[in-house]
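Trainee: Okay, sequence plus prediction incoming.
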Amino acid sequence: MKKVTGLDSLRFVCAVIVLLSHGVVPEFSETLIEQYRIIYYLDIVQKCLRPPGLAAVMVFFVISGFVIHYPYSQGKKINVLEFYCKRVCRIGIPAIVAFCIYHFTFGLYLAVVWSLICEVIYYLLYPLILKYKNKHMRLILIIAFAMSYIVSVSYDIFSVGTSGAFHRYGFFLTWIVGLPVWLLGVVLADKYKSEIAPERDHSLTHSLTHSLIKLWAWRIVTYLAASFLHRLGFFGVVSVVYTMPVFAFLVFYWVGYEIEYYKDKTENKILEYGGLMSYSLYLVHAYTIFIVTHYSGMNKISNDYLLCFSAIILSLFASWIFYITIEKTSHKLARSIKIKIK
């Protein structure tokens, strides 16, 4: 089965956005903001375009739905028990190791665990979704979106001191809010057919340039929309629990165009390799940020350019080490699992 090109690069970019969203983007000092008018305006722009970490997680959900369903959309038969074992092994072993590192060294909490639990629940639901999607996918999507908003509205109505965080519901309900986002990835996999790559005349520079411009237009619009929706949530205008499921439609069409664009192209090798260790980066970046912050003696490192740079480099290096020692091993173990059903 042909590999879908472009997704590894997207994973890495999204993992870096999550990293940057956790306080490692340098900020202008109050002194500079007060002294220079241009710095004042640049500070506003920087805050408006601050890396939207949650939106990047939504992209992860869409890509996850796509990657899980893609082999079965091409005709592969599912072995449910083997599927469960492979997926839990694939994400569970690195997560458990990361949890132990966080907990037994500094007593830290693995904050991204909420999204991992969502993923596990989606894996558990997938065989059922696969069974009924051909005839009822539209209905499944409608029900998923309805459940997402019912949970969000009910929380706002009945909870005291409501929070606007996407994972405010805890482990047992957050997956419902994110389910329609993940399902859009399943729909995208059905839409995509790797065997039917469009014929392109590579002598037509204008056509290639137009495609590249369109690709970057999708990227910029998606990023700006994500930043805008994050700002709305930050200022309490509209919570991200209401905007992210809708934002997922934009992600659906953007990721679809990325896949279409790279059908007859190769992706950047550095970004592609970064995509392979993106899960490791997602798991360990908060730990390395804590290390830099803790030993620098500062409350936050965004006031220091050197510390921000150090945190980014350390996160990438630690992620690479984690990938080649832990995550890569879990991949091999998952691939080795073969369960025959009599």
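Mentor: Noted; the coordinates are in hand.
Trainee: mind saving the C-alpha coords of stretch 61-81 as PDB?
Mentor: C-alpha atoms of stretch 61-81 as PDB (Å, rounded to 0.1, in the frame of the first residue of the first chain):
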ATOM      1  CA  PHE A  61      -6.800  14.100  15.800                       C
ATOM      2  CA  VAL A  62      -7.800  14.600  12.100                       C
ATOM      3  CA  ILE A  63      -4.500  13.000  11.000                       C
ATOM      4  CA  SER A  64      -5.000  10.100  13.500                       C
ATOM      5  CA  GLY A  65      -8.500   9.400  12.200                       C
ATOM      6  CA  PHE A  66      -7.000   9.400   8.600                       C
ATOM      7  CA  VAL A  67      -4.100   7.100   9.400                       C
ATOM      8  CA  ILE A  68      -6.100   4.600  11.400                       C
ATOM      9  CA  HIS A  69      -8.800   4.300   8.700                       C
ATOM     10  CA  TYR A  70      -6.700   4.600   5.600                       C
ATOM     11  CA  PRO A  71      -5.500   0.900   5.300                       C
ATOM     12  CA  TYR A  72      -9.100  -0.300   5.800                       C
ATOM     13  CA  SER A  73     -10.500   2.200   3.300                       C
ATOM     14  CA  GLN A  74      -8.200   0.500   0.800                       C
ATOM     15  CA  GLY A  75      -9.800  -2.900   1.500                       C
ATOM     16  CA  LYS A  76      -7.700  -4.300   4.400                       C
ATOM     17  CA  LYS A  77      -9.700  -6.600   6.700                       C
ATOM     18  CA  ILE A  78      -9.600  -5.700  10.400                       C
ATOM     19  CA  ASN A  79      -8.600  -8.200  13.100                       C
ATOM     20  CA  VAL A  80     -10.100  -6.400  16.100                       C
ATOM     21  CA  LEU A  81      -8.000  -7.900  18.900                       C
END
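Trainee: buried set for that stretch?
Mentor: 61-66, 68-70, 72-73, 79 (16 or more other C-beta atoms under 10 Å). Bear in mind the C-beta positions are built from the backbone N, C-alpha and C, glycine included.
Trainee: can you tell me which two in these are farthest apart?
Mentor: V62 and N79 (25.0 Å; C-beta to C-beta).
Trainee: Quick check on E27: phi, psi?
Mentor: In terms of degrees, to the nearest 10, the main-chain angles of E27 are phi -110, psi 150.
Trainee: so it makes contact with N303?
Mentor: Yes. E27 lies in contact with N303 (C-beta atoms under 8 Å); the separation is 6.5 Å.
Trainee: just to revisit the earlier point, just the buried residues of stretch 61-81: which are in helices?
Mentor: Helix and strand membership here follows DSSP state H; of the buried residues of stretch 61-81, those in helices are 61-66, 68-70, 72-73.
Trainee: can you point me to the longest helix in the protein?
Mentor: Looking across the chain with DSSP H, the single longest helix is helix 113-158.
Trainee: which helices and strands does it pack with?
Mentor: When contacts are defined as 3 or more C-beta pairs under 8 Å, 6 or more residues apart in numbering; DSSP states H and E, helix 113-158 sits against helix 53-73, helix 80-106, helix 174-191, helix 240-261.
Trainee: ok, back up a step: export the buried residues of stretch 61-81 as a markdown table, with columns for distance to Y36 and pLDDT.
Mentor: Shown next, in a markdown table, are these (distance: C-beta to C-beta, whole Å; pLDDT from 0 to 100):
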| residue | distance to Y36 | pLDDT |
| --- | --- | --- |
| F61 | 41 | 98 |
| V62 | 41 | 98 |
| I63 | 41 | 98 |
| S64 | 44 | 98 |
| G65 | 46 | 98 |
| F66 | 46 | 97 |
| I68 | 50 | 97 |
| H69 | 52 | 96 |
| Y70 | 51 | 95 |
| Y72 | 57 | 93 |
| S73 | 55 | 91 |
| N79 | 63 | 95 |
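Trainee: Please point out which parts of the one helix or strand L283 maps to sit buried.
Mentor: Assigned by DSSP states H and E, L283 belongs to helix 278-296. Within helix 278-296, the residues scored as buried using 16+ other C-beta under 10 Å are 278-293.
Trainee: P127 is in contact with N79, isn't it?
Mentor: No. The pair P127 / N79 is not scored as a contact, 9.6 Å apart, by C-beta under 8 Å.
Trainee: so where is the stretch 101-250 of the chain shaky, pLDDT-wise?
Mentor: Within the stretch 101-250 of the chain, the segments meeting pLDDT under 70 span 160-163, 193-206.
Trainee: quick one, what contacts the residue nearest to L188 when sequence neighbours are not counted?
Mentor: Of all residues not flanking L188 in the chain, F66 sits nearest, at 5.0 Å (C-beta to C-beta, 6 or more residues apart in numbering). Contacts for F66 (C-beta atoms under 8 Å, 6 or more residues apart in numbering) come out as 4, 7, 185-186, 188-189, 192, 255.
Trainee: Tabulate those (JSON lines), appending neighbour count and distance to L316.
Mentor: Below are the contacts of F66 laid out as JSON lines (neighbours: other C-beta atoms under 10 Å; distance: C-beta to C-beta, whole Å):
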{"residue": "V4", "neighbour count": "18", "distance to L316": "25"}
{"residue": "L7", "neighbour count": "20", "distance to L316": "20"}
{"residue": "G185", "neighbour count": "25", "distance to L316": "26"}
{"residue": "V186", "neighbour count": "26", "distance to L316": "31"}
{"residue": "L188", "neighbour count": "22", "distance to L316": "29"}
{"residue": "A189", "neighbour count": "21", "distance to L316": "30"}
{"residue": "Y192", "neighbour count": "19", "distance to L316": "30"}
{"residue": "V255", "neighbour count": "24", "distance to L316": "24"}
